[in-house]
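Engineer: sequence and predicted structure below; questions after.
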Amino acid sequence: MIADRPASGRDDGCGTRDTAPSHQWGEGQRPPSTSLRNRLTSHPASSWRGLWGALLLLPFLAAFPARPDEAFVTSQPAEMLSIVDLDTRKVVATLSIPGKPAGIAVSPDGRRAFVTSPDGRALTILDAAARTVTARVDVGGGPVGVAVLPSGEVAYVADWYGARVVAVEAASGRILGTVETGLSPSGLAVTPDGALLLSADRDSDAVSVIDTASLKRVGEIKVGSRPFGVTIDAAGARAYTANVASNDVSVIDIATRQLIATVTVGERPYAVALAQGRAFVTNQYAGTLSVFDLDTLEPIGTVAVGEYPEGIAASSDGAFVYVANWETNTLSVVDARTLKLVDDIVVADGPRAFGAFIRAPSR
């Protein structure tokens, strides 16, 4: 396994280096600008015709709201990617992904999705809208976590066995370089400005800080025991690691590169999502989410979800949190404000969805 699940299929929370890296384991309008008013005055007839034409189109454009979020859910034993319409809460497409897919990252612009296959030593690059594979890149080792630059131009892959991160050009699949990390890098996250990449190095009990411009490791932050998932807030100020062996979440100040707090959560935490000013943590052994306040770091409560929850992500508007449940083969839908479980969506066998698996399509 890679996320701490031995060959028998249950997680011992500790994992070993010789196990396989998979789960066997606004209203109104602003007035026109001065330049536009000048153009309207100098060419009144044609300009006003164009303006009226645009105004007549507005009711029709309003009739086509932004499309709903989609979830791209990797299922490891099924070797499948399920695409879920989160408005209808139904699976609308599936793709076969060989090599026991685990990690997933959808680019911020929604154009591409990137899937790691630990057993296949590969990164699969998808056209997210067309739902087609555009490239399959042999990155070697045991690829697990994956993250994407805000520009969508480069994907970073954590090689569990090689203690390194591989940078891959999104458009071509070309490998741009590698950088060493601590032992067993798992979760990855990029700061909103794209300047830094954080790697949760599980067997080093640390987070590596990597400069994306130079692809150099520029720091290391000690955290709890066996960090797996790592999440960065929207401001790029703090990072949160789920520490599977110490049953807690480490809170990191990114600017100072310091551990500033430790929050106790449930048994075998796997990953963290942020929404509504709260942190939501999947507890694998407990079958729950631990929820705490991001300002006070005080606990708010727990939410029962499916059995063996792993990957977790928030909707683009922060209203819902989605949880992949390995044993029950479901994607749980949790209201991030009320902390109520509102639905369970059946997906392919063994969903992990480790990473940023929500796609927010543009109009």
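Structural biologist: All right, it came through fine.

Engineer: is residue 272 in a bridge, and if so with what?
Structural biologist: Beta-bridge partners recorded for residue 272 (DSSP bridges): residue 281.

Engineer: got a list of what it touches?
Structural biologist: The contact partners of residue 272, by C-beta atoms under 8 Å, 6 or more residues apart in numbering, come to 229-231, 240-242, 249, 279-281, 312. C-betas here are computed from N, CA, C, even on glycine.

Engineer: my read: residue 160 touches residue 186, true?
Structural biologist: Yes. Counting by C-beta atoms under 8 Å, residue 160 touches residue 186, with 6.7 Å between them.

Engineer: can I get the contacts of residue 272 in CSV with neighbour count, pLDDT and secondary structure?
Structural biologist: Putting those into CSV (neighbours: other C-beta atoms under 10 Å; pLDDT from 0 to 100; DSSP: H, G, I helix; E, B strand; the rest coil) gives the following:
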residue, neighbour count, pLDDT, secondary structure
229, 29, 98, strand
230, 28, 98, strand
231, 26, 98, strand
240, 26, 99, strand
241, 34, 98, strand
242, 32, 98, strand
249, 26, 98, strand
279, 25, 98, strand
280, 28, 99, strand
281, 27, 98, strand
312, 28, 98, strand
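
Engineer: can you redo those residues as TSV with distance to residue 256?
Structural biologist: Below are the contacts of residue 272 laid out as TSV (distance: C-beta to C-beta, whole Å):
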residue	distance to residue 256
229	22
230	17
231	18
240	16
241	16
242	21
249	18
279	20
280	25
281	23
312	27
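
Engineer: wait, what's in contact with the spatially closest residue to residue 282 that is not a sequence neighbour?
Structural biologist: Sequence neighbours aside, residue 309 is the residue nearest to residue 282 in space, at 4.0 Å (criterion: C-beta to C-beta, 6 or more residues apart in numbering). Contact analysis of residue 309 by C-beta under 8 Å, 6+ apart lists 270, 282-284, 287-289, 323-326, 332.

Engineer: want to throw those residues into CSV with pLDDT and neighbour count?
Structural biologist: Listed next are those as CSV, based on pLDDT from 0 to 100; neighbours: other C-beta atoms under 10 Å:
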residue, pLDDT, neighbour count
270, 98, 29
282, 98, 31
283, 98, 23
284, 98, 28
287, 98, 20
288, 98, 20
289, 98, 29
323, 98, 28
324, 98, 34
325, 98, 25
326, 98, 29
332, 98, 24
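
Engineer: nearest to residue 148, of the residues you listed?
Structural biologist: residue 324 (19.0 Å; C-beta to C-beta).

Engineer: how close does that closest one get to residue 75?
Structural biologist: Distance check for residue 324 against residue 75: by C-beta to C-beta, to the nearest Å, it reads 8 Å.

Engineer: shared neighbours, those two?
Structural biologist: In contact with both residue 324 and residue 75: 347, 351-352, using C-beta under 8 Å, 6+ apart.

Engineer: so which of these is the most crowded?
Structural biologist: Neighbour counts for the shared contacts of residue 324 and residue 75 (other C-beta atoms under 10 Å) peak at residue 351, which has 34 neighbours.

Engineer: and it, what does it touch?
Structural biologist: 73-76, 82, 310-311, 324-326, 329-331.

Engineer: do residue 137 as well
Structural biologist: Contacts for residue 137 (C-beta under 8 Å, 6+ apart) come out as 122-125, 168, 173, 175.

Engineer: thought residue 81 was touching residue 95, still the case?
Structural biologist: Yes. Contact status for residue 95 versus residue 81: in contact at 4.5 Å, counting by C-beta under 8 Å.
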